[in-house]
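Enquirer: structure here, sequence nowhere to be found:
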């Protein structure tokens, strides 16, 4: 996903959440697909869907918590856990796949020490395999924080990671996630 | 009134009846797993499929959800239907072999083996517990979450529900006994009924001596280690 | 932006814009869709702007959506002669401007014919473009998606004005039916018939028109390029549809992975409302219709129409049983018709040119043109629009330019995860709904993935099954477990653990999944498996009997080694993450099979073709 994320300068206090959700609901009041839109706004605001926000959406819309939780866990764009500071997306669409995208995912998994869909323990990087970014002519594609790298192969992965994890890029062997000091 | 034909037999029933209800009215057996008369039909298990239509346009549909239509021609035990049912039972055995309900189905349909990687799950995601909780008990304490392979049933955030009234209906209705006793994790317990038992089945070793009213559930035994 | 109060007012504006057009004035047109931007189009645009500001010329700059030849981006198209410059470096843009002013071309920057090397100056002569009939996509070249007037200038919204003037919906319905337009999203249902059914529904509580912009097929991005490059085409199409069917509200369901398309559509909707072409009493005629947007959140299944409806209603994207069909009970239980982006984009064309003219293109049962995304192991990757009936071979050889890197083409995969593969010996097949279905595939949304000898068909089936088991909503037991188990069998086969019985089981399971699942996802999930088994059974057998992967893809069955081309440069050893390569300088290096994880880094790093896979 390449949509820009608003990074809050400071983490919002928990008690703000119901008010923020109320504001978002009011913005989309009466619109079709309001639930999807509000969840997308929450995801955008916090980088994930906090439990309190989902409870607030259920309370304020009169939908059962079970239903809202179901929607939150059904769609891949929504995450119940905070994403890393840097999001690395590898396109695994068919065109990129036949050009070797799988090997790039595996190389990144090795170097970051996590599996696709996970975040490094220090909260720095999230790795995700996404289905078709629609730039098939340039595949395989890796997107880091909205920046596109095209025609990637396993040898280039090191260079891509260099911008965000200099220590990792120097490692020859599979690295453990570097704990933040 | 709507007129349709099931296995060559003509039946006339009220509009709004499903093909399954019409077949049962005639006494024609169709196996089901996720269907319960007191709950809305869902169509998850696919066991109740029947063949409708003719020629190249014939297709299989779930009889529990398909509405009876004027002039519909239904076959409940054609080759295609039987092949489908046997494969579905095979898949059920491959996931949930310890369920007596599924074992009975296998015996009834002559399925003696399954050819996939064996799993030991206690849920087939039929949704009976969800519908029980929502429609009968009006509680909506549990629901589906996730998608595809990762779909499961549970409470939001996997913590004890504050709308669950500990009725035990979900366990009662489960064909695979999914909501087994979570005795050793009381904060996750859905019903906490264990805590009221004499003696409570906290110690697995004393299982043989206790009176557990969750009789058909063998999940405790399977997860011994 | 002035609000237009009447059809005459609109026609006057259009007349003025057309009158102001100076066909001789040179212009630089730079495609800047998502793929253009990923190739550096923004930098190019910046350089062009800077160069134009610095000079006193009358050369204009127009930033548009995708033109289709993505392989060659960032590119520049120079009007009025339509000179094409591929892969332009921002440093060179000044030279293009100079030449444009003088009415000349920059010879060394032109596209060169891959075989003869001779330059081909104009876009329409390029082999990639020459055989296309770009009914829909050509508009991307003329329109600035953020400026509604560029759309009106080329005739945009005239079809809608025509429809408003004529009055009767039955005329519109007849036109669409006569055109023979079939849904471009995949199923190919006749659009006119769908609209007729919607029109026949009682209108008391309102009716919905939906544009399905969820484009989930990996490898397909034609809808994205239409939405980014010409969003007004969709708006106009839906307005005409509303007039024909009595629909009261429109919704565009668009996947959130397309931020630029969302942005441009938002701008377009705003400008259409401001101009009085959308909303209350359009052009003062009393006809009202508005369109809102709902964004998807990453679920392929939501491209299925009943799952899409569920999603709009704020629920999990679980498809619904049909009957009742969305036409009768759709969003909020109201009559709803859902059409694909490309279908909507064809509507203004049909009304403008007339149904019979439209139906002259294509074949009897598949009229008009279709946009395909020609991607994969092919030289010229991009979006192509061709009349239905062109053969696969023609598309792959003439337009696609043949194989990308010398390895012969083995098959094309059409229809995404719901489709199948067509082998090279059937490339004389004409592309239309019926012929593709008969061959075991489907048209789908138009993805055409080219595969060569280095593509393993077992791996392809495994890839699609992996995708489907993740994207399945999970409700139907047969789909959820069926896709999972099919994947497991394919995994076993790709690891050399498969048996002949497994093949039989795979086929049996594939048939049951197809038969017993409720929605289109599950019903077509077996297609990739069944079609690869049909045409490439020998590859499966080789994996099973000989434990070999002839294409050199399945990791468990291949070995990496270094041959005599090795110069001992050591690049491979440095690239290897496991330290599995040893060798002295200038001497042939050796890969230790015990440590090799087959990641392919050495092969990418080697400049001498010394790494071989067996």
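Expert: Looks like it arrived, so ask away. In this text the structure is predicted, and so the values were computed from the model without any measurement.

Enquirer: only C-alpha atoms from now on, for both contacts and neighbour counts.
Expert: Will do.

Enquirer: which residues in chain A form strands?
Expert: Along chain A, counting by DSSP state E, strands occupy A:86-91, A:125-130, A:142-144, A:147-149.

Enquirer: in TSV, list those along with mean neighbour count.
Expert: Output for those, formatted as TSV (neighbours: other C-alpha atoms under 10 Å in any protein chain shown):
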stretch	mean neighbour count
strand A:86-91	24
strand A:125-130	22
strand A:142-144	23
strand A:147-149	16
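
Enquirer: now these as CSV including distance to residue B:3 and mean pLDDT?
Expert: Formatted as CSV, the strands of chain A follow (distance: least, C-alpha to C-alpha, whole Å; pLDDT from 0 to 100):
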stretch, distance to residue B:3, mean pLDDT
strand A:86-91, 53, 90
strand A:125-130, 50, 90
strand A:142-144, 59, 90
strand A:147-149, 62, 83
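
Enquirer: the ones you listed: which one's closest to chain C?
Expert: Chain C sits nearest to strand A:147-149 of all these, at 5.8 Å, using C-alpha to the nearest C-alpha.

Enquirer: give me the residue from chain C nearest chain B.
Expert: Closest point on chain C to chain B, by C-alpha to the nearest C-alpha, is residue C:474, at 4.0 Å.

Enquirer: for that residue, give me its contacts.
Expert: B:147-149, B:151, C:480 (C-alpha atoms under 8 Å, 6 or more residues apart in numbering or on different chains).

Enquirer: also near chain A: which of those, exactly?
Expert: residue B:147 (C-alpha under 8 Å from any C-alpha of the partner chain).

Enquirer: which among the contacts of residue C:474 gets closest to chain A?
Expert: The closest of the contacts of residue C:474, once distances to chain A are taken by C-alpha to the nearest C-alpha, is residue B:147, at 5.4 Å.

Enquirer: low-confidence stretches in the stretch 51-200 of chain C?
Expert: The stretch 51-200 of chain C contains no residues with pLDDT under 70.

Enquirer: specify the residue ranges that define each domain of the chain.
Expert: I went with chain A, as the question did not name one. A:14-74, A:86-170 (automatic domain parsing).

Enquirer: was after chain C, sorry
Expert: Split by automatic domain parsing, chain C gives C:25-130, C:142-358, C:369-452, C:457-545, C:559-613.

Enquirer: lowest mean pLDDT across those domains, which one is that?
Expert: The weakest mean pLDDT among those belongs to domain C:559-613, with a mean of 88.

Enquirer: is the host helix or strand of residue C:505 in proximity to chain B?
Expert: Element membership for residue C:505, per DSSP states H and E: helix C:500-516. Yes. Residues of helix C:500-516 are located near chain B by C-alpha under 8 Å from any C-alpha, namely C:505, C:509, C:512, C:515-516.

Enquirer: let me know how buried residue C:403 is, in neighbour terms.
Expert: As a burial measure, residue C:403 scores 20 neighbours (other C-alpha atoms under 10 Å in any protein chain shown).

Enquirer: and for residue B:141?
Expert: The burial count for residue B:141: 23, using other C-alpha under 10 Å.

Enquirer: could you double-check that it lies in contact with residue B:167?
Expert: No. Counting by C-alpha atoms under 8 Å, residue B:141 sits too far from residue B:167 to count as a contact (11.2 Å).

Enquirer: residue C:291 versus the closest residue to residue C:273 other than its chain neighbours, what's the distance?
Expert: Nearest residue to residue C:273, sequence neighbours excluded (C-alpha to C-alpha, 6 or more residues apart in numbering or on different chains): residue C:279, at 5.9 Å. The spacing between residue C:279 and residue C:291, counted by C-alpha to C-alpha, to the nearest Å, is 8 Å.

Enquirer: same question for residue C:173.
Expert: Residue C:173 sits 21 Å away from residue C:291, going by C-alpha to C-alpha.

Enquirer: for those two, indicate the residue with more neighbours.
Expert: Counting neighbours by other C-alpha under 10 Å for residue C:173 and for residue C:291 shows that residue C:173 has the greater number, 23 against 20.

Enquirer: is it true that that one touches residue C:192?
Expert: Yes. Under the criterion of C-alpha under 8 Å, residue C:173 makes contact with residue C:192 at 6.0 Å.

Enquirer: residue C:546: how many residues sit nearby?
Expert: 11.

Enquirer: hmm, back to that, go through the residues of helix C:500-516 next to chain B and name the one nearest residue C:83.
Expert: For those, the minimum distance to residue C:83 (C-alpha to C-alpha) is 53.1 Å, reached by residue C:515.
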